[in-house]
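Trainee: Just the structure for this:
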Amino acid sequence: MQTKTEDRFVIAIDPGFTCTGIVLVRYNEDYTELVNFAYVLEPPNMKGQSECARVFNMADKIVDTLIKVTSPYVTQNNWSVGIEYIYYNCKNPKSLIMQSRLLQAIEHLILNTINIDNENFILLEHNPNTVKKTMRKGKSTKDEIRKSVIDKVRIGNTILESINLLSKPAAEAIYDAAAVAYTHVKVLEEFISDQQ
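Mentor: Here you go, the predicted model:
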């Protein structure tokens, strides 16, 4: 008789200065379920600050929020992190550089702020195109990603209603982060399957 695996958690981040989405997903071999979420907006008063100050402030807010979202659920041995990395087909080089610095700052803070006592800890960056292909075949609009997330990830009615009450950028960031989480789970499952 095969024993059922314990629930594991994925913290997924869709980073951005306009809005960063953060989700916590619980999964096992039977399901993937969204259990908590948050978003972080850059404060309007930061827009006139130096790039370094903006990156540090936003990364710090993201990691603080991440800790609040995960602390009720996550123990030291049962979680990993998936982050969508920056899309390099950006038409604005300054924005690309700021986004890249934000991604690096978030990863640095996760690895150095959160007490990780797990030699098997995994932090993976996911290509935006891979995320889209995992959710749907071909190009996808934000609404198509949202529908795919609702189809593939178990989301309770209360959480779904709460997300849908958010502003459009916040809701899109949450659904994008959930798509990153689902992709992360599929990558981990494929890796485990290849190791067996």
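
Trainee: mind listing the strands for this structure?
Mentor: For the chain, strands defined by DSSP state E occupy the ranges 8-14, 20-27, 32-40, 79-84, 123-126, 154-155.

Trainee: longest helix of the chain?
Mentor: Across the chain, the longest stretch assigned as helix under DSSP state H is helix 168-195.

Trainee: by contact count, what packs against that one?
Mentor: strand 8-14, strand 20-27, strand 32-40, strand 79-84, strand 123-126, helix 128-135, helix 142-152, helix 157-164 (3 or more CB pairs under 8 Å, 6 or more residues apart in numbering; DSSP states H and E). No exception for glycine: its C-beta is placed from N, CA and C like everyone else's.

Trainee: Please work out which of these is packed deepest.
Mentor: strand 20-27 (a mean of 26; mean count of other CB atoms under 10 Å).

Trainee: What are the contacting residues of it?
Mentor: 7-14, 32-40, 58, 62, 65-66, 69-70, 73-74, 153, 170, 172-178, 180-182, 185 (CB atoms under 8 Å, 6 or more residues apart in numbering).

Trainee: Show me where the chain dips below the pLDDT cut-off.
Mentor: 1-5, 74-77, 87-90, 92-93, 113-120, 138, 195-196 (pLDDT under 70).

Trainee: now do 90
Mentor: Applying pLDDT under 90 to the chain flags residues 1-9, 15-19, 28-31, 42-64, 66-81, 83, 85-125, 127-130, 132-146, 188-196.
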